[in-house]
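1. Starting from these lines, generate the structure:
(one chain, ligands or ions: 2)
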Amino acid sequence: MQPPGTIGQSSQLGTLAAAPAAHQPEWQDRPAYREACRALSSAPPLVTATEVRQLREALARLVTGDALVLQLGDCAESFHECTPRHTARKLDVINRLGNRLTELTGRGVIRIGRMGGQFAKPRSQAIERHAGLSMPPFRGHMINSEVATPAARAADPQRMVRAYEAGDRVQRLMRTYRQATGPAAVAAGPWSSHEALVIDYESRLVRRDPDTDDRYLGSAHLPWIGERTRQPAGGHVALLASVVNPVGCKIGPAADPEDVVRMCEVLDPAREPGRLVLIPRMGRDLVQEALPPIVRAVTHAGHPVIWLSDPMHGNTVRSLTGQKTRHLTDVVTEALRFRDVVEEHGQYAAGLHIEVAADDVTECIGGSVTDDDLRRHYTSLCDPRLNAEQATELLEAWVKGTVTCRS
Ligand code: PEP
Ligand code: MN
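-> Ligands and ions are numbered 1, 2, ... in the order given. As a prediction, the model looks like this:
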């Protein structure tokens, strides 16, 4: 068994040197750990190698600028919302927003859900206090429960198996949906994606493409690396460097351009279109300063990356009543500034990565939601999501190029 938090020289990962990975649960001593890892290692992949190749090819064509990407979904998926009914509603929102973007631009839209495995969250605080008790924070249903008791917050490796099963239910319906919409829609998706955070889970779902013998990650079509785990010599980058899926990486405002280039070199040494999706999430006030040196450095290094804006994670604030929220005007402003910077450097701003709920939630301020409305329907397990109406305003502003939304 490999040591905790490292990518060891396991049979599945060949000769990769052990690389440290941040934000890993400490659960290797729990009785269920070995059995959970064994179950994952022998389980069928959740996505097929053919599907992974189809998405990579669709993304490779996108570099020429004739289509857009829309990646969206919950901040954290819930195990309890992986039923066919919930999944169908999420797919419906993704498709409605994708269709709206096509209607507005006349371009095809590759749709990617934060779905079918978005069950693990990196957290900034190691400890929280509730009712006088200290406990770990909620870290996603793959690791613990959102219920605020020390017992419910203990990391439980058995949850990896439940994550696989819940992901399987979602991925099956996504597949049916792709197939039902016919061959022309295959490139459009919807494809699955999540942050590949828990190395114990992801490393055991690496499989071989039966046609090419290439290694691919069988947990999602498009895994991404979070802002907190994108160290070029770290375990997350090493794991995704070892598979052929298209991979994403979030980039925050403190990123060193040279570090980003080092990370690109590890993930995309052959400089292949369709391999790497960079997702800056800088914040409205920092994007104009922080993004240009990164776009310049990556372009200069010759990586044909896909640039997507995550205009949400750099714009999280507390509302007057103390809730975590985001203002739609900040989100729109960052997205438009992102596009200006990318285009000023002669690159293609390919689309958006956003947190959107299938329900009519009141988690972000803007459109018809004011500060006073936030408590009305705030159900996110983690970060505040746009509702479909707010997301539509964002798409319309993205196409018009102006901030027009009410806030
Ligand atoms: C997220 O996408 O929910 C997230 C944690 O993002 P980031 O890594 O950009 O902070
Ligand atoms: Mn989030």
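2. ok, Ala397 touching Val403?
-> Yes - counting by CB atoms under 8 Å, Val403 is a contact partner of Ala397 at 6.0 Å. Quick note: C-beta positions are derived from backbone N, CA and C, even for glycine.
3. Which of those two has more residues huddled nearby?
-> Ala397 (20 against 16; other CB atoms under 10 Å).
4. helix/strand/coil for that one?
-> For Ala397, the assignment made with DSSP: H, G, I helix; E, B strand; the rest coil gives helix.
5. interface residues of this structure facing ligand 1?
-> Neighbours of ligand 1 within the chain, by CB under 6 Å from any ligand atom: Cys75, Pro122, Gly226, Glu227, Arg228, Lys250, Arg281, His313, Asp383.
6. quick one, phi/psi of the third one?
-> Think Gly226. Backbone geometry at Gly226, expressed as degrees, to the nearest 10, gives phi -80, psi 170.
7. hang on, it packs against Ala120?
-> No - here Gly226 lies out of contact with Ala120, judged by CB under 8 Å, at a distance of 9.5 Å.
8. Touching both of those two, which residues are there?
-> Glu195, Leu197 (CB atoms under 8 Å, 6 or more residues apart in numbering).
9. More neighbours: the two, which one.
-> Per other CB under 10 Å, whichever of Gly226 and Ala120 has more neighbours is Ala120, with 26 against 22.
10. Tell me which residues touch that one, please.
-> Arg139, Gly140, Met142, Ile143, Ala163, His194, Glu195, Leu197, Val198, Tyr201.
11. List just the nearest of the residues you listed to Leu374.
-> For these, the residue nearest Leu374 by CB to CB is Gly140; the value is 22.8 Å.
12. where do the contact lists of Ala397 and Val403 overlap?
-> Common contacts of Ala397 and Val403 (CB under 8 Å, 6+ apart): Val332, Leu336.
13. What residue, apart from its backbone neighbours, is nearest whatever residue of the chain ends up closest to ligand 1 spatially?
-> With CB to the nearest ligand atom, the shortest gap between the chain and ligand 1 falls at Gly226, namely 3.1 Å. Nearest in space to Gly226, with sequence neighbours left out and distances taken as CB to CB, 6 or more residues apart in numbering, is Glu195 at 4.9 Å.
14. residues near Pro210, how many?
-> Pro210: 10 neighbours (other CB under 10 Å).
15. heads up, I number from 47, so please use that
-> Yes, from this point I'll number from 47; that puts the last item at Pro256.
16. Tell me which residues touch the nearest residue to it once chain neighbours are set aside, please.
-> Among residues not flanking Pro256 along the chain, Ala95 sits closest, at 6.6 Å (CB to CB, 6+ apart). For Ala95, the contact set (CB under 8 Å, 6+ apart) comprises Arg253, Arg254, Asp255, Pro256, Asp257, Thr258, Asp260, Tyr262.
17. quick one: the closest residue in space to the third one that isn't next to it in sequence from ligand 2, how far?
-> To tie it back to what came earlier, the one meant is Asp255. In this structure, Asp255 finds its nearest non-sequential neighbour in Ala95, 3.6 Å apart by CB to CB, 6+ apart. According to CB to the ion, to the nearest Å, Ala95 stands 29 Å off from ligand 2.
18. which other residues reach stretch 132-141?
-> With CB under 8 Å, 6+ apart, stretch 132-141 has contacts from 116, 118-120, 157, 159, 161, 215-216, 219-220, 223, 236, 402-405, 434, 437.
19. for the contacts of Ala166, which one is nearest Leu337?
-> Leu337 has its nearest neighbour among those in Glu241, at 21.1 Å by CB to CB.
20. In the sheet, which residues pair with that closest one? Tell me.
-> Judged by DSSP bridges, the bridge partners of Glu241 are Trp270.
21. Tell me, how many residues neighbour it?
-> Neighbourhood size, Glu241 [other CB under 10 Å]: 28.
22. Tell me if I'm right that it and Leu268 touch.
-> No - assessed by CB under 8 Å, Glu241 is found out of contact with Leu268, at 10.6 Å.
23. Please enumerate the shared neighbours of those two.
-> Common neighbours of Glu241 and Leu268 (CB under 8 Å, 6+ apart) do not exist.
24. which residues touch the residue nearest to Pro350 when sequence neighbours are not counted?
-> Distances taken as CB to CB, 6+ apart put Pro319 closest to Pro350, at 4.5 Å, once the chain neighbours are dropped. Contact analysis of Pro319 by CB under 8 Å, 6+ apart lists Leu105, Ala106, Val109, Pro350.
25. Buried subset of the residues of the chain next to ligand 1, written for ChimeraX?
-> In ChimeraX, this line selects whichever of those come out buried by 16 or more other CB atoms under 10 Å:
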select :121,272,273,274,296,327,359,429
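26. Adding pLDDT, distance to Tyr79 and secondary structure, write the residues of the chain next to ligand 1 out as JSON lines.
-> Compiled in JSON lines, the residues of the chain next to ligand 1 are given as follows (pLDDT from 0 to 100; distance: CB to CB, whole Å; DSSP: H, G, I helix; E, B strand; the rest coil):
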{"residue": "Cys121", "pLDDT": "98", "distance to Tyr79": "27", "secondary structure": "coil"}
{"residue": "Pro168", "pLDDT": "97", "distance to Tyr79": "20", "secondary structure": "coil"}
{"residue": "Gly272", "pLDDT": "98", "distance to Tyr79": "23", "secondary structure": "coil"}
{"residue": "Glu273", "pLDDT": "98", "distance to Tyr79": "28", "secondary structure": "helix"}
{"residue": "Arg274", "pLDDT": "97", "distance to Tyr79": "23", "secondary structure": "helix"}
{"residue": "Lys296", "pLDDT": "98", "distance to Tyr79": "28", "secondary structure": "strand"}
{"residue": "Arg327", "pLDDT": "98", "distance to Tyr79": "33", "secondary structure": "coil"}
{"residue": "His359", "pLDDT": "98", "distance to Tyr79": "31", "secondary structure": "coil"}
{"residue": "Asp429", "pLDDT": "98", "distance to Tyr79": "29", "secondary structure": "coil"}
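27. could the residues of the chain next to ligand 1 be laid out in JSON lines, adding distance to Leu285?
-> Formatted as JSON lines, the residues of the chain next to ligand 1 follow (distance: CB to CB, whole Å):
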{"residue": "Cys121", "distance to Leu285": "22"}
{"residue": "Pro168", "distance to Leu285": "15"}
{"residue": "Gly272", "distance to Leu285": "13"}
{"residue": "Glu273", "distance to Leu285": "17"}
{"residue": "Arg274", "distance to Leu285": "15"}
{"residue": "Lys296", "distance to Leu285": "16"}
{"residue": "Arg327", "distance to Leu285": "21"}
{"residue": "His359", "distance to Leu285": "22"}
{"residue": "Asp429", "distance to Leu285": "24"}
